[in-house]
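Undergrad: Could you look at this predicted model? Sequence included:
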Amino acid sequence: MRYRETSPEDVVGIQDTGADEGIMMVTAIYSLIVGVGICILGIKKRVFWAVISGAGMALASIAYLIAATLGYANIWH
């Protein structure tokens, strides 16, 4: 059975994701705050996986915020 070939413009919803850059920035800032909080809580409670998880979340948020500031995180154009 062969599938019909379509271009990305033909797929419903591929162009309109429903999230703009403002929502992405707020989510990244929130993730940074939560990641630092989880990391601090993990250090205080001596839970290694929480430290790693919180640090990873914070680092990913920082990376996105830097990329967005420099103009590299614009996925809609």
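TA: Great, that's in hand. Every value quoted in this text rests on a predicted model; they were computed, and no experiment measured them.
Undergrad: Point out where the chain drops to low pLDDT.
TA: Low-confidence segments of the chain, defined by pLDDT under 70: 1-19, 74-77.
Undergrad: For the helix ranked longest in the chain, name the packing helices and strands.
TA: Assignment by DSSP state H gives helix 21-45 as the longest helix of the chain. Under the contact criterion of 3 or more C-beta pairs under 8 Å, 6 or more residues apart in numbering; DSSP states H and E, helix 21-45 touches helix 48-70. To be clear about C-beta, it is placed using only N, CA and C from the backbone, and glycine gets the same treatment.
Undergrad: Report the angle between the helix it packs on and helix 21-45.
TA: Relative orientation of helix 48-70 versus helix 21-45 (axes from the mean of the first three to the mean of the last three C-alpha atoms, to 10 degrees): 150 degrees.
Undergrad: Contacts for helix 48-70 next, please.
TA: For helix 48-70, contacts defined as C-beta atoms under 8 Å, 6 or more residues apart in numbering pick out 21, 24-25, 28-29, 31-32, 34-43, 73-74.
Undergrad: coming back round to it: can you point out the buried residues in the longest helix of the chain?
TA: Applying a neighbour-count criterion of 16 or more other C-beta atoms under 10 Å, one finds Met24, Ala28, Ser31, Leu32, Gly35, Ile38, Cys39, Gly42 buried in helix 21-45.
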